[in-house]
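Enquirer: Have a look at this prediction, sequence included:
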Amino acid sequence: MHEYSLIQSLVTRVEEEARRRGAIAVHALAVRVGELSGVDPELLRTAYETFRAGTVCERASLALTRVPASWSCPRCRRALARGAVLRCPHCDLPAELEPGSDALFLDRIEMEVP
Amino acid sequence: MCTTCGCGDPEIVPVALHEKILAGNDRAAAHNREHFLEQGVLALNLMGSPGSGKTAVLEATARAASSRGWRLGAVSADLATDNDARRLERAGIPSKAITTGQACHLDADLVHRSLHGFPWQATDVFFIENVGNLVCPAIYDLGQRANVVVLSITEGEDKPLKYPVMFKAADLVLLTKCDLAPHLEVDLRAIHDAISRVMPRPQVIEVSARTGQGLDGWIDWLDQLRRSVKRPSEARAHVHDHVHDHGEGHGHDHAATARPSPAKATGKRAAPAGAARRARPTGTKASARGRAKHRRR
């Protein structure tokens, strides 16, 4: 259950940004969660609902974008089938993870500035 | 204020960040990594399920590496008790327990705090034995040179497929308790196959802490990696002062001649591919973290 500590980091970061910009409220957050990020999006949401009370995020919605994991060949760029051995059958090279597959990013904050 | 019509209403401002949620941990990890590299310490993050044999492997490592003359050290994390650290001490590895309470993983700050008051600088190989957990520790960089995942053959052949994030993060998998293979209905080939589906550059060493099987290969792997860690004798002499927000500042001088030159490398094998591949940038710039101030000359 590291989702709680992640939400703590997230809220701290949002508070810092809101303070820096003199925001009076935060309306929305957008977070990207890759399938191989090690985070369960539902648990992350539950942790957020629990943790945001009394913080600057109290009334901010959380939009979660899920990114499916995919591996591909660094040379021929062909995607590997899900569950396959992580080596390109054509080029015999170790596969690379496509960007976003393991992302855990705070993409956007919408805040109200006086 | 609204600048569109001048109505005086507050304005909604979208702020695009595209920033890692773990950016703070990554900065702390970079700080730890800088410490380890400056001192020529090979730091390893040892992860695996509870009962996979992490502590037993370290005890066996102390025995197997005794002829190498390495100075070993460890911090060992569990939710409660310092049993593992005491076991390691008995095995001849100076150790310190990190009791995490309810935390299911180590983060870079916890590791940093544990370094205070522990003579990690006087080690050649420093093990960070993570909390027994095949999920959460995988996403926290601690400042290690490499991640070692300990997987016992009793855990089930498809374990890697069930926990792909952990194995994606691994530089090496130590397959433990291999002496039990004849007594179990386990197909080691199936474990290797599963690993190759979650780890693009699979590196696996089969070991048994009890019989000593495979430990030579593990010690060789460590040795290769150790040679890739720059010794302080090769580094620039400098003074290094820190101020930390936990009030335990630590300054230390280290001259270019502080430690003897490393033994001449004689190994013919290249450094382990997995480890080299994941070598993280280790520039000499101080951590950007505001709470740590570095001064150099």
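Expert: Received it, and whenever you're ready, just let me know what you need. Numbering: from 1, shown residues only, chains lettered A, B, ... in the order given.

Enquirer: Next, the contact list for residue A:50, please.
Expert: The neighbours of residue A:50, taking C-beta atoms under 8 Å, 6 or more residues apart in numbering or on different chains as the test, are residue A:4. Every residue, glycine included, has its C-beta placed from N, CA and C.

Enquirer: Not counting sequence-adjacent ones, nearest residue to the residue in chain A sticking out farthest from the centre?
Expert: Distance from the centre of chain A peaks at residue A:90, with 32.3 Å (C-alpha atoms, centre = their mean). Nearest non-adjacent residue to residue A:90, counting by C-beta to C-beta, 6 or more residues apart in numbering or on different chains: residue A:76, 5.6 Å away.

Enquirer: Just list the residues touching the residue nearest to residue B:199 when sequence neighbours are not counted, thanks.
Expert: In space, and not counting its chain neighbours, residue B:199 is closest to residue B:167: 4.8 Å by C-beta to C-beta, 6+ apart. Counting by C-beta under 8 Å, 6+ apart, residue B:167 makes contact with B:149, B:160, B:173, B:195, B:198-199.

Enquirer: In TSV, list those residues along with pLDDT and distance to residue B:17.
Expert: What follows is these, written out as TSV (pLDDT from 0 to 100; distance: C-beta to C-beta, whole Å):
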residue	pLDDT	distance to residue B:17
B:149	98	32
B:160	98	34
B:173	98	35
B:195	98	36
B:198	98	30
B:199	98	31
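
Enquirer: List the ones among those that fall in helices.
Expert: B:160, B:195 (DSSP state H).

Enquirer: Can you lay out the contacts of residue B:167 as JSON lines showing neighbour count?
Expert: JSON lines is the format used below for the contacts of residue B:167 (neighbours: other C-beta atoms under 10 Å in any protein chain shown):
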{"residue": "B:149", "neighbour count": "29"}
{"residue": "B:160", "neighbour count": "28"}
{"residue": "B:173", "neighbour count": "26"}
{"residue": "B:195", "neighbour count": "23"}
{"residue": "B:198", "neighbour count": "24"}
{"residue": "B:199", "neighbour count": "25"}
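
Enquirer: which among the contacts of residue B:167 gets closest to residue B:67?
Expert: residue B:173 (25.2 Å; C-beta to C-beta).

Enquirer: My read is that the closest one contacts residue B:199, right?
Expert: Yes - the criterion here is C-beta atoms under 8 Å, and residue B:173 meets it with residue B:199 at 7.2 Å.
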